[in-house]
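Engineer: the sequence and its predicted three-dimensional model are supplied below.
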Amino acid sequence: MPKFLLKRWHGQHIVWMFILLLCLTILLYLFKWWLGLTAFLLCGVMAYFTLQAEAAFRRDLNTYVGTITHRVKKAGTEVMSGLPIGIILYNEEKRIEWHNPFVAKMLEQDSVIGEPLLEFFPDLKNKKEKTDKLEMTIGKLIYQVWHRPEERLLFFREVTEQALLAKKYEDSKAAIGIVMMDNLDEATQGLDDQTRSIMLAKVTGEITEWAQKHQLYLRRTASDRFLILMDQKGLRQLEQTRFEILDDVRDLTIENKLPLTLSIGIASGAEQLAELGQMAQMSLDMSLGRGGDQVTVKVGQRLSFYGGRTNAVEKRTRVRARVISHALRDLMKDSDKVIIMGHRFPDMDSIGAAIGVLKAVQVVGKEGYIVLEGVNPSIQKVMETIAADERLHRWFITPEQAMIITTQRSLAVVVDTHKASMVAEPRLLQQTHRVVVIDHHRRSEEFIHDATLVYMEPYASSTCELVTELLQYLNDKLSMEVLEATVLLAGIVVDTKSFSLRTGARTFEAASYLRRNGADSALIQRLMKEDLDSYIERAEVMKHTETLYEHIALAVAESSRTYSQLMIAQVADTLLNMTNIMASFVIAVRPDGLIGISARSLGQMNVQVVMERMGGGGHLTNAATQLEGTLEEAANRLKQVLADMQEEEGLFE
């Protein structure tokens, strides 16, 4: 205990003794005056010593406080100088006003006072949060930075060892991949056993060399399937190479009539290996659903696609179509009614496929309805024709009517789309858990989850082609009305541009079946006719076309006018007919205020990948998206995406 505190303790006791003596003096004075006088003198002596003790206490207290203050200031100075944390104060002009010695050592300079803050720390430009924490590399070291803009204060702490340890941990996380020869049966059909074995040995050797080159664990699990194991570091290296194994295998078998292609699904980011395996299988399913010859990588919430630059291979066997047809028939029989719907702003393919499914429902003997949100210019003529046929038109209902009649036992059939957000009435998918998806587009990240039955074939020209095949296996004695067969054929004609794009043997077989069932080609021509005003309107948009990368046509319409999505698509189709044009993009303002982009190609360029990077999707040769903002912003964004793709792997094969 300090000396002055002891004095303080004694002084307090003297005061109490003085008070007691004073009381005693008064009592003694009342009985004996001379005793009272003696006591009074003693009290005076005590008072004197008390005052002296108090004065000494104050002197010692002031001395002690002064010593402590000096020691605290000295300690604070030493701490600020030797603290392993950097501190910077800056002014409103973002110039450094003060920093401690740690910052000078960190920046390897004597002083940076008065220098611009962002010159040394450019990473702070985009940090506007109230209290922002980020990592920053300065020299060879990594620092964690706490930024307090309201106080214009920065703290730096070196975390190199922790950051490297965290990076090492992330790099060592497991990743699982599944490699599949997605068209083995089609590619080897007609080959003798020796030729087939030689080709498989070549492909297997190429895959094995690729795995050894990138230090992957490779295990063959079936004749056409491999399991690969790697860590995150190895996965990043594969992504940097953009999975050249796809091109290597395709080039290795290019001399065949039908080259062999690979589909790969890779997953990482899950803690449990069982979950990781499920994610890898889902990634493979997505690669196959998008047409094969590509890689799907799922890391946590990130989903990336590589490859997919070739058309999907047409399946020569109809086994899958027969199985799906029988499964669909059983589902319809087990449902109280069937609700059919396509995408919003339906086109000829969507309406034709819906009518085909409605025919299947009627053949099974169930009650079916087609949900139609509204009539747009692309289907106006066909809907006018359907309106004149009461037997067919009475099965069209509005989304509100569909919500009223749909029950848990109802079957919802979605055609020409697989995105829940694009169907005519998304709420119907929540009202029943019995959902069937029939689509010909390449699978995107968004998908209708928990669908009871999925029939997606990207090789198909249209959804009408898929539905026509299903009808053939539904009932051998099925007969169609002329209008039903005509609308189905019209959907195929529109999506194939009159059988000039995305056609295979099965496309013509489906068209032949519809013709045998009474499809009227003359009626299709009348339904597809356009007026002179529309033609002139297309020409107005085409006037603003520029050529990019020698083979890409980009047309940006005037911002003062609006164009329907059908018109935007028609302009893109027309531009594709120009000499040396392999892909076309048309950007215009739609009536709903959104910026619509339609993309078309002849197959040498995958416009679906371009549109996916802009938030849309579609098919290898036919894709689109809708954006908010201005025409100029949309055009600049599209040009940037094309520039990035050109730099990454080239736009054309």
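Structural biologist: Right, received. Where do you want to start? As the structure is a prediction and not an experimental result, all values here were calculated from the model. Numbering: from 1, shown residues only.

Engineer: which parts of the stretch 1-150 of the chain are helices?
Structural biologist: Counting by DSSP state H, counting those that start in this stretch, the segments of the stretch 1-150 of the chain that form helices are 3-31, 33-82, 101-107, 117-120.

Engineer: can you get me a residue count around the residue nearest to His441 when sequence neighbours are not counted?
Structural biologist: Among residues not flanking His441 along the chain, His619 sits closest, at 5.6 Å (Cβ to Cβ, 6 or more residues apart in numbering). Every residue, glycine included, has its C-beta placed from N, CA and C. Using other Cβ atoms under 10 Å, His619 has 26 other residues around it.

Engineer: any idea how far His619 lies from His440?
Structural biologist: Look at His619 and His440: by Cβ to Cβ, to the nearest Å, they are 8 Å apart.

Engineer: just Arg637 next, same as before
Structural biologist: 28 Å.

Engineer: who's more crowded, these two?
Structural biologist: Each of Arg637 and His440 has its neighbours counted (other Cβ under 10 Å); His440 has more, 26 against 18.

Engineer: need phi/psi at that one.
Structural biologist: phi -120, psi 0 (degrees, to the nearest 10).

Engineer: count of neighbours near the residue lying closest to it once chain neighbours are set aside?
Structural biologist: Among residues not flanking His440 along the chain, Ala460 sits closest, at 4.1 Å (Cβ to Cβ, 6+ apart). As a burial measure, Ala460 scores 29 neighbours (other Cβ under 10 Å).

Engineer: what does the one 3 residues further on give?
Structural biologist: Number of residues near Thr463 (other Cβ under 10 Å) recorded here: 30.

Engineer: from Leu184, how far off is it?
Structural biologist: To Leu184, Thr463 is 27 Å away according to Cβ to Cβ.

Engineer: now swap in His326 and tell me
Structural biologist: Look at His326 and Leu184: by Cβ to Cβ, they are 25 Å apart.

Engineer: one more: Thr261?
Structural biologist: 9 Å.

Engineer: now do Thr468
Structural biologist: Between Thr468 and Leu184 the computed distance is 27 Å (Cβ to Cβ).

Engineer: neighbour-wise, which of the two wins?
Structural biologist: More neighbours surround Thr468 than the other of Thr468 and Leu184, with 30 against 18 (other Cβ under 10 Å).

Engineer: sec struct for that one, please.
Structural biologist: With DSSP: H, G, I helix; E, B strand; the rest coil as the basis, Thr468 sits in helix.

Engineer: for Glu465, same thing?
Structural biologist: Each residue gets one of three states, and Glu465 gets helix by three-state DSSP.

Engineer: Phe102 reaches Pro84, doesn't it?
Structural biologist: Yes - using Cβ atoms under 8 Å, Phe102 is in contact with Pro84, at 6.8 Å.

Engineer: out of these two, which sits in the busier spot?
Structural biologist: With neighbours defined as other Cβ under 10 Å, Phe102 and Pro84 compare such that Phe102 has more, 20 against 8.

Engineer: spatially nearest residue to that one, not counting backbone neighbours?
Structural biologist: Nearest non-adjacent residue to Phe102, counting by Cβ to Cβ, 6+ apart: Gly86, 4.3 Å away.

Engineer: what residues are up against that neighbour?
Structural biologist: 99-100, 102-103, 106, 143, 154-157 (Cβ atoms under 8 Å, 6 or more residues apart in numbering).

Engineer: report the residue ranges of every domain in this structure.
Structural biologist: 3-82, 86-167, 172-307, 319-528, 532-648 (automatic domain parsing).

Engineer: need the ones you listed in a markdown table with mean pLDDT, can you?
Structural biologist: Formatted as a markdown table, the domains of the chain follow (pLDDT from 0 to 100):
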| stretch | mean pLDDT |
| --- | --- |
| domain 3-82 | 64 |
| domain 86-167 | 82 |
| domain 172-307 | 88 |
| domain 319-528 | 90 |
| domain 532-648 | 89 |
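
Engineer: could you dump stretch 591-600 to CSV, C-alpha only?
Structural biologist: Below are the C-alpha coordinates for stretch 591-600, written out as CSV (Å, rounded to 0.1, in the frame of the first residue of the first chain):
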residue,chain,number,x,y,z
PRO,A,591,-43.6,-3.3,-74.7
ASP,A,592,-43.1,-4.2,-71.0
GLY,A,593,-40.2,-1.9,-70.7
LEU,A,594,-37.5,-4.6,-70.5
ILE,A,595,-34.6,-4.9,-72.9
GLY,A,596,-35.0,-8.0,-75.1
ILE,A,597,-32.1,-9.7,-76.7
SER,A,598,-32.6,-12.5,-79.3
ALA,A,599,-29.6,-14.6,-80.4
ARG,A,600,-29.3,-16.9,-83.3
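
Engineer: identify each buried residue in that stretch, please.
Structural biologist: For stretch 591-600, a neighbour-count test (16 or more other Cβ atoms under 10 Å) marks 595-600 as buried.

Engineer: redo these as JSON lines? Include distance to Asp573 and secondary structure.
Structural biologist: Formatted as JSON lines, the buried residues of stretch 591-600 follow (distance: Cβ to Cβ, whole Å; DSSP: H, G, I helix; E, B strand; the rest coil):
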{"residue": "Ile595", "distance to Asp573": "19", "secondary structure": "strand"}
{"residue": "Gly596", "distance to Asp573": "14", "secondary structure": "strand"}
{"residue": "Ile597", "distance to Asp573": "14", "secondary structure": "strand"}
{"residue": "Ser598", "distance to Asp573": "8", "secondary structure": "strand"}
{"residue": "Ala599", "distance to Asp573": "11", "secondary structure": "strand"}
{"residue": "Arg600", "distance to Asp573": "6", "secondary structure": "strand"}
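
Engineer: mind listing the helices for the stretch 551-653 of the chain?
Structural biologist: Per DSSP H, counting those that start in this stretch, the stretch 551-653 of the chain carries helices over the ranges 565-575, 607-613, 631-648.

Engineer: list the buried residues for the longest one?
Structural biologist: It refers to helix 631-648. Neighbour count says helix 631-648 has 631, 634-635, 637-638, 641-642, 645 buried, by 16+ other Cβ under 10 Å.
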